[in-house]
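Student: following is a predicted model, sequence given first.
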Amino acid sequence: MPNEKNWFTEVYPKHGSALSMEVSAKLHEEQSAFQHLQIFDTPWLGKLMVIDGCTMVSDRDNFLYHEMMTHQTLFTHPDPKRVWIIGGGDCGSLKEVLRHPGVERATQIEIDERVTRLAEQYFPDLCSSNNDPRAELLFIDGIQWVRDAADGSVDVIIVDSTDPVGPAEGLFNQAFYAQCLRCLAPDGILVQQSESPLFHLDLIGAMHQTMRAAGFTATRTFFFPQFIYPSGWWSGTMASKGSLEGFREQDARSKPFETRYYNADIHKAALVAPEFFRKAIAS
């Protein structure tokens, strides 16, 4: 919470560290049916959304997460046409997905409608593609959506969730991964935000094991910076029925839209794992 000197501090007790950001104003606060939501204005980060005391999205650095969680995956898939985003209520991932002209349908399944309504008010740029005719916004349980969906009905599933607690806890287990596997078409890819390689290595290792236990034959983690998340270093983990080697490099180099972080060289570099990570995941 903000202290008397107008600083918001998120403490990471397990890791004996914290991140503090100067706050100029609290713009909104509410308890939704699912979680505690706050919007702050800050001198450097711009608008900042906080959910259950954890920083979620800021004006200044959201492009890192949204570009990497979407383009890294969509350019790995040979021809993504149908995309689901589980979570992602700030709509930043939806916006990036819809920049791919080959995408025919992008469905965002967010359990808490209030996250999206606040994003529309305070982060309008992230929501600028919400009215795209290819976009579908559903405010329902993503786990139930996947459970009810038809076999082979989607090409890419992006799990853009909060940490594996509360409403997101059920998105990090074998039953959920098995249902995602069933829904994916041939060459389909599941990608999930997988926390900090420095702080949450055990979680990432467990994700690889659980995804493979669910039936995925290939898993791979990529890395990127993210200032407002614990340790400042974040990751996404992909799982596929087939191979995750290679990507549509020429398409990435000639993409018909501008990005601020992602490019073909970043794509390749993001997959290079440090030694400690390789040893931990292989063990």
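Tutor: All right, it came through fine.

Student: which residues of the stretch 101-250 of the chain fall in helices?
Tutor: 113-122, 142-148, 174-183, 201-213, 249-253 (DSSP state H, counting those that start in this stretch).

Student: which phi and psi does the nearest residue to Glu110 once chain neighbours are set aside have?
Tutor: Leaving aside its sequence neighbours, Glu110 sits nearest to Gly89 (C-beta to C-beta, 6 or more residues apart in numbering; 3.9 Å). Where C-beta positions appear, they are placed from N, C-alpha and C, glycine not excepted. The phi/psi pair for Gly89 (degrees, to the nearest 10) reads phi -60, psi -20.

Student: what sits closest to the most centrally placed residue in the chain if chain neighbours are left out?
Tutor: Residue closest to the average C-alpha location in the chain (C-alpha atoms, centre = their mean): Asp160, at 3.3 Å. With sequence-adjacent residues excluded and distances taken as C-beta to C-beta, 6+ apart, Asp160 is closest to Gly88, at 3.5 Å.

Student: quick revisit: distance to Asn130, mean pLDDT and mean neighbour count for the helices of the stretch 101-250 of the chain - can I get that in CSV?
Tutor: Below are the helices of the stretch 101-250 of the chain laid out as CSV (distance: least, C-beta to C-beta, whole Å; pLDDT from 0 to 100; neighbours: other C-beta atoms under 10 Å):
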stretch, distance to Asn130, mean pLDDT, mean neighbour count
helix 113-122, 7, 98, 19
helix 142-148, 18, 95, 18
helix 174-183, 24, 96, 19
helix 201-213, 30, 95, 17
helix 249-253, 25, 98, 14
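
Student: and those as a markdown table, adding distance to Val103?
Tutor: As requested, the helices of the stretch 101-250 of the chain are exported to a markdown table (distance: least, C-beta to C-beta, whole Å):
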| stretch | distance to Val103 |
| --- | --- |
| helix 113-122 | 19 |
| helix 142-148 | 18 |
| helix 174-183 | 17 |
| helix 201-213 | 24 |
| helix 249-253 | 13 |
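
Student: domains of this structure?
Tutor: 7-58, 62-282 (automatic domain parsing).

Student: what's the first-to-last distance across the longest one?
Tutor: The reference is to domain 62-282. 31 Å (C-alpha to C-alpha, to the nearest Å).

Student: same deal with stretch 53-68?
Tutor: 24 Å.

Student: got the contact list for it?
Tutor: Stretch 53-68 has contacts (C-beta atoms under 8 Å, 6 or more residues apart in numbering) with 1, 8, 10, 19, 21, 36, 42, 44-50, 90, 92-93, 95-96, 119, 123, 126, 162-163, 193, 222, 224-229, 234, 236, 259-262, 270.

Student: of those, buried ones?
Tutor: By neighbour count, with 16 or more other C-beta atoms under 10 Å, the contacts of stretch 53-68 hold 8, 10, 19, 21, 42, 45, 47-50, 90, 92-93, 95-96, 119, 123, 126, 162-163, 193, 222, 224, 226-229, 234, 236, 259, 261-262, 270 as buried.

Student: quick check: Ala149 vs Phe222, distance?
Tutor: Here Ala149 is placed at a distance of 26 Å from Phe222 (C-beta to C-beta, to the nearest Å).

Student: oh sorry, the question was meant for Gln174
Tutor: Taken as C-beta to C-beta, the span from Gln174 to Phe222 is 22 Å.

Student: next: Cys127.
Tutor: In this view, Cys127 and Phe222 are 26 Å apart by C-beta to C-beta.

Student: again with Leu48
Tutor: Counting by C-beta to C-beta, the gap from Leu48 to Phe222 is 25 Å.

Student: do the same with Asn263
Tutor: Between Asn263 and Phe222 the computed distance is 14 Å (C-beta to C-beta).

Student: angle of the longest strand belonging to the chain against helix 174-183?
Tutor: Criterion DSSP state E: the longest strand present in the chain is strand 184-193. Put simply, strand 184-193 runs at 140 degrees to helix 174-183, going by axes from the mean of the first three to the mean of the last three C-alpha atoms, to 10 degrees.
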